[in-house]
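J.: have a look; sequence and predicted model below, questions after that.
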Amino acid sequence: MMNQAKTLFSIIVPTYNRPDKLAACLQSFVEIEYPRDKFQVIVVNDSTEISVENTISPFQNQLNITLLTQPNSGPARARNTGSFAAEGKFLVFTDDDCTVGVDWLQTLEKRFVETPDCLIGGRTVNALPDNIYSTASQQLIDYLYSYYNAIGDRAQFFTSNNFALPAEAFQKIGGFDTNFSLAAGEDREFCDRWLHSGNAAIYAPEVIVYHSHALTLGKFWKQQFNYGRGAFLFQQIISKRGANGKLQHPSFYLNLLAYPFFHAPGFQKLLIAALFLVSQAGIAAGLFWEKNHFVEE
């Protein structure tokens, strides 16, 4: 039985220069309705220049919390760093700009009781609904989930701000690929490699995190541009595995552009649809930039 494990969950949070967001994230862990002795929190500061000790110290009497620090090298390596120090049977990944529901670990445990060997991905909710760019960014993810995870017990893709899996299996397949130095594509590649290794993934929409990623038009463009850069690296990696890295069927893109008209209210439909077009342009620009940079190297 699972309740025999001392530390069942190790929550791993990479952070970089967002102390206020990190504090809100940790406060949400304090409010989790789950036995304190069954989970630990590992914060990995992805910077040796920026201290987060003052942010973490108020929580040290409320949580079993460990702080690790590494030179700035991206969230993929930071998550791996956290996993090496984890004591839990299961690793749970989220980000410093996320908060979690009080039943987050309870719902995860129920899923792992049923399927202890699976990768379990939850749902991400935009916590900034008045920010049109953050809303569009989350709707893009929602569309990808509707496409890749339509059959819940045959899921194919999760973002790394809300998924969990057995620690032993994570180490066995090598963790996140640290060639991804940006927060872009490393989760997609991990999910693909997980499935390619013969493992199963399950979508659990009742496992919810709330994402507070404030975006402007410029930040939205940069985010999508970086996704394009990550997409190019992803294609290079999976081609070495003999997988197909070609573009999706045209219907994928038509359905993508139509998605806001069915999932956004009023005039917001047009704004988000326009931002979906911007996103595709940004992704294409990032992909071609990375491709040219790759050729030059």
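T.: Good, I have the coordinates. Numbers count the residues shown, from 1 in each chain.
J.: which residues in this protein form strands?
T.: Remark: strands assigned in the chain by DSSP state E are 9-15, 39-45, 65-69, 90-93, 98-100, 119-126, 163-166, 201-211.
J.: just the mean pLDDT for the shortest one, thanks.
T.: Spelled out, it's strand 98-100. Regarding strand 98-100, the rounded mean pLDDT is 98.
J.: which outside residues touch that strand?
T.: With CB atoms under 8 Å, 6 or more residues apart in numbering as the test, strand 98-100 has contacts from 24-25, 27-29, 32, 94, 124, 127, 161-162, 208-212. Backbone N, C-alpha and C define where each C-beta goes, glycine included.
J.: quick check: the two most widely separated of the residues you listed?
T.: Gln27 and Thr124 (18.5 Å; CB to CB).
J.: so which of the two has more stuff around it?
T.: Applying other CB atoms under 10 Å to Gln27 and Thr124 shows that Thr124 carries more neighbours, namely 23 against 14.
J.: residues contacting the residue lying closest to Ala136 once chain neighbours are set aside?
T.: Leaving aside its sequence neighbours, Ala136 sits nearest to Leu275 (CB to CB, 6 or more residues apart in numbering; 3.9 Å). Shown in contact with Leu275 (CB under 8 Å, 6+ apart): 132-133, 136, 220.
J.: same list, those, but as TSV with neighbour count, pLDDT and distance to Phe59 please.
T.: TSV is the format used below for the contacts of Leu275 (neighbours: other CB atoms under 10 Å; pLDDT from 0 to 100; distance: CB to CB, whole Å):
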residue	neighbour count	pLDDT	distance to Phe59
Ile132	18	97	33
Tyr133	22	98	30
Ala136	24	97	33
Phe220	22	98	31
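J.: show me which of these is closest to Thr107.
T.: The nearest member of the contacts of Leu275 to Thr107, counting by CB to CB, is Ala136 at 27.4 Å.
J.: I'd say that closest one and Leu270 touch.
T.: No: between Ala136 and Leu270 there is no contact, the gap being 11.5 Å when judged by CB atoms under 8 Å.
J.: the longest helix in the protein is where?
T.: Longest helix in the chain, counting residues (DSSP state H): helix 268-296.
J.: which parts of that helix are buried?
T.: Of the residues in helix 268-296, 268, 271-273, 275-276, 278-280, 282-283, 286-287, 290-291 count as buried by neighbour count, 16 or more other CB atoms under 10 Å.
J.: hmm, back to that, out of the contacts of strand 98-100, which are buried?
T.: Judged by 16+ other CB under 10 Å, buried ones among the contacts of strand 98-100: 24-25, 28-29, 32, 94, 124, 127, 161-162, 208-212.
J.: do you know how far Cys191 is from Gly121?
T.: 8 Å (CB to CB, to the nearest Å).
J.: got any residues that touch both of the two?
T.: 157-158, 201.
J.: which residues of the stretch 1-150 of the chain fall in helices?
T.: 19-30, 53-56, 75-84, 104-114, 132-148 (DSSP state H, counting those that start in this stretch).
J.: out of those helices, nearest to Phe9?
T.: helix 104-114 (5.8 Å).
J.: show me what the closest one is packed up against.
T.: When contacts are defined as 3 or more CB pairs under 8 Å, 6 or more residues apart in numbering; DSSP states H and E, helix 104-114 packs onto strand 9-15, strand 90-93, strand 119-126, strand 201-211.
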